[in-house]
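[1] Below: sequence and its predicted model.
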Amino acid sequence: MNHPMGRYLLKRLAWTILVILIVTFVTFVIFYVLPSGDPALRFAGKQPTPQILAQVRADLGLDHNVVVQYLLYLKRLVLGDTYGWPGLGYSYSSGAAIAPQLWQRALVTIQLILGGAILWLAIGIPVGVMSAVKARSRFDRISLVTGLVCMSTPVFWLGLLLLWLFWSTLGWLPGTGYVAFTTSPLNWAAHMVLPWITLALLFAAIYARVIRSNMIDTLGADYIRTARAKGLTERRVIGVHALRASLVPVITLLAIDIGTLIGGTVITETVFNLQGLGSWILQGALNQDLPVTLAVTIVVTVVVTLLSLIADIVYAYLDPRVRYK
Amino acid sequence: MSTPLLEIRGLSVRFRTPDGVVCAVDQLSCVVERGQTLGVVGESGSGKSVTFLAALQLLPPGAAEIEGQILLNGENLLTRAPAQMQAVRGARIGMIFQDPMSALHPLMRVGDQIAEIVRTHAGASRAKAHARAVAALRSVGIPNPDTRARQYPHELSGGMRQRVIIAMAIVLEPELIIADEPTTALDTTVEAQILELIDELKVRRGIGVVLVSHSLATISSVADTVIVMYAGRVVEYGTASDIFSDPTHPYTQGLLSSIPTIDHGRGHLVPIPGSPPSLIDLPAGCSFAPRCVARIEMCTTERPTLTARTPTHVDACLVPPSARRITPASVPAGTGDQ
């Protein structure tokens, strides 16, 4: 059992590295193919002479051709640069080193996503199960309509509405921005709760629908009839036998959603003024700041591939019919 | 006379559907004694499975209207509240289902699936329940029960899985086992083994068995008494020797002549023409009349009631007994619309 598992993991890690290579290369090429402004212009000050521009280009490594630049980037990535490992360089627009900012911002985004995910599972699973067990009931219909409202509400509007209500009108919450947990746990939670809700409502609605439909399928299965014929309590039939089978496909969904959100919480981060990865990659793209864009792209790629690996392992653990191949 | 183990009195089960009321079971009565097997035969939709799902309150709640009495040791199960019924299912009545491929939870170890019955009903500890699960697996003839208990259903063959389901049904030593088409999904050789196992459990433990099947051949080897059902009604009910050596209802006679046997040689199978009626609009008279070769005029207007032929043998047929016996020759060529 250990041996095939180890080989499987190695194979998956090799794939992860290949995917990172492809994704960074594509990002690089797009950056140079796009009719973007020359980054050197930004560093060279106002009305630079051609000599100064050439000097800046050489300093930034922009005088090589695209492929050589890419290889140099990879070399620094693997071996590290003056700012440490991995060598991600410094921002074209601010001149600040990428790596320290990257960890800081990743931490904020991860807190945002994990808190949100816990919240949307805590809402989505019970609502989905109840809707399935009492399908077509009043509860089911109300949850369907509420879910549709949650799914179709624009995130920026919902965020602003929550801020208007709980911050400026009721004054219950301290407003936007990020406070580290280590500074003040209470203040941290007060700043995170609205972003969590904003992020979670859409997903809670989607998960409730998915779990409802999985659950309805499962409840019609022969082995659920067997469980009832064994004289198990209804609580156990639904809460253990049916729920377990219904949640397995959700693992994959969860991995994909969390992975997508790593670089995709742009709106929530912007509305709540959280300095995370989503708002950063947006700035990077708007400022033609290649090192920032690349750094976030790499993080997103690593997280997405690792999450899908974890999802596969958890899946194989939960469903013994799936084995590592 | 002592109370029978299971007695069903005047059971009717109706479902309301958008197309009308489906009368799945109509006025069914029967008895199962301890240490005996009741065989229940009928085509798909004849109400044989519904009868016993109703007995265990396993029909979808609210969907079915159930009338009559189902007495287990004299106690009417239909008056039990759903929560009280849980104490009966799995503990006093074990159920064996048709398709062992889908009747086991695919994500749980088979040992755990058996052990949870013991834990739920007997409140046993985890270790004790596991030990009883392993013992149950051993008693149904599964080799290496310790290893098997830790495996998942997909790691077992079909026959093995059916043995696991039987182990589930008997782990708490119930008084009654209801086996709903237990061998339909299995190979013929495995079918014989499973039937033998159920029969052996019946003899060894003195439990009552209800064996539901669409095949008279399956039932013939193990049943002590037999019910033949057609379109939700009992058409013939008697001891196994009554039914197999002296079948009196044309439907039973038809079923028996449509069983392939080796001594008949080729070309002697006699199918029953037509197919069973819709249970929504049953014909006014005998439900079987449209397909019956012995049909007389009265059959299409009057509904037959169960009438005793001998003290142990009843049937529901209006045709005079002497005119009923069908032989291959009495079936006109080209009869039927199949």
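    Yes, it's here.

[2] Leaving out the residues flanking it, which one is nearest to whatever residue of chain B ends up closest to chain A?
    Nearest residue of chain B to chain A: residue B:90, at 3.2 Å (Cβ to the nearest Cβ). Backbone N, C-alpha and C define where each C-beta goes, glycine included. Counting by Cβ to Cβ, 6 or more residues apart in numbering or on different chains, residue A:231 is the residue found nearest to residue B:90 once chain neighbours are left out, at 3.2 Å.

[3] Repeat that for residue B:238.
    Nearest to residue B:238 is residue B:313, by Cβ to Cβ, 6+ apart, at 3.5 Å.

[4] low-scoring stretches of the chain, by residue?
    Going with chain A. Scanning chain A for pLDDT under 70 picks out A:1-3, A:34-37, A:42-44, A:323-325.

[5] switch to chain B, that's the one I care about
    In chain B, residues with pLDDT under 70: B:1, B:261-268, B:326-338.

[6] Would you map the helices across the stretch 1-150 of chain B?
    In the stretch 1-150 of chain B, the segments counted as helices under DSSP state H, counting those that start in this stretch are B:48-55, B:82-88, B:110-122, B:126-139, B:145-149.

[7] Likewise for chain A?
    For chain A, the helices defined by DSSP state H occupy A:2-33, A:39-43, A:50-60, A:66-79, A:98-133, A:138-152, A:155-163, A:185-219, A:222-229, A:234-236, A:243-262, A:266-271, A:277-286, A:290-318.

[8] of those helices, which approaches chain B most closely?
    That would be helix A:222-229 among the helices of chain A, by Cβ to the nearest Cβ, at 3.9 Å.

[9] sorry, back to before: the residue nearest to residue B:90 is in contact with residue B:86, isn't it?
    Yes: using Cβ atoms under 8 Å, residue A:231 is in contact with residue B:86, at 4.7 Å.

[10] Count the neighbours of residue A:106 for me.
    A count of nearby residues for residue A:106, using other Cβ atoms under 10 Å in any protein chain shown, gives 18.

[11] again with residue B:92
    Applying other Cβ under 10 Å, we find 17 residues neighbouring residue B:92.

[12] ok, now residue B:148?
    Other residues close to residue B:148 by other Cβ under 10 Å number 21.

[13] before we move on, what SS does residue B:211 have?
    strand (DSSP: H, G, I helix; E, B strand; the rest coil).

[14] show me the contacts for it.
    B:37, B:38, B:39, B:40, B:179, B:182, B:198, B:218, B:219, B:222, B:223 (Cβ atoms under 8 Å, 6 or more residues apart in numbering or on different chains).

[15] Can you tell me who it pairs with across the strands?
    Taking DSSP bridges as the rule, residue B:211 bridges to residue B:39, residue B:179.

[16] For residue A:319, list the residues it contacts.
    By Cβ under 8 Å, 6+ apart, the contact list for residue A:319 reads A:248, B:106, B:107.

[17] Apply 7 Å and report the result again.
    Listed by Cβ atoms under 7 Å, 6 or more residues apart in numbering or on different chains, the contact set of residue A:319 reads A:248, B:107.

[18] Same question for the one 3 residues further on.
    The contact partners of residue A:322, taken as Cβ under 7 Å, 6+ apart, are A:315, A:316.

[19] want to throw the helices of chain A into CSV with distance to residue B:70?
    Below are the helices of chain A laid out as CSV (distance: least, Cβ to Cβ, whole Å):
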stretch, distance to residue B:70
helix A:2-33, 52
helix A:39-43, 83
helix A:50-60, 86
helix A:66-79, 74
helix A:98-133, 27
helix A:138-152, 33
helix A:155-163, 55
helix A:185-219, 25
helix A:222-229, 15
helix A:234-236, 21
helix A:243-262, 31
helix A:266-271, 59
helix A:277-286, 63
helix A:290-318, 39
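
[20] nearest to residue B:174, of those?
    helix A:222-229 (11.2 Å; Cβ to Cβ).

[21] Is there contact, residue-wise, from that closest one to chain B?
    Yes: using Cβ under 7 Å from any Cβ of the partner chain, helix A:222-229 reaches chain B at A:222, A:223, A:225, A:226, A:228, A:229.

[22] residues touching the spatially closest residue to the first one that is not a sequence neighbour, list them.
    What sits nearest to residue A:222 in space, not counting adjacent residues and going by Cβ to Cβ, 6+ apart, is residue B:102, at 4.0 Å. Listed by Cβ under 7 Å, 6+ apart, the contact partners of residue B:102 are A:221, A:222, A:223.

[23] one more time with 10 Å
    A:221, A:222, A:223, A:225, A:226, B:153, B:161, B:185 (Cβ atoms under 10 Å, 6 or more residues apart in numbering or on different chains).

[24] OK, contacts around the residue lying farthest from the centre of chain B?
    Distance from the C-alpha centroid of chain B peaks at residue B:127, with 34.8 Å (Cα atoms, centre = their mean). Contacts for residue B:127 (Cβ under 10 Å, 6+ apart) come out as residue B:115.

[25] how about the strands of the stretch 101-250 of chain B, start to end?
    Taking DSSP state E, counting those that start in this stretch as the criterion, the stretch 101-250 of chain B contains strands spanning B:176-180, B:208-213, B:225-230, B:233-239.
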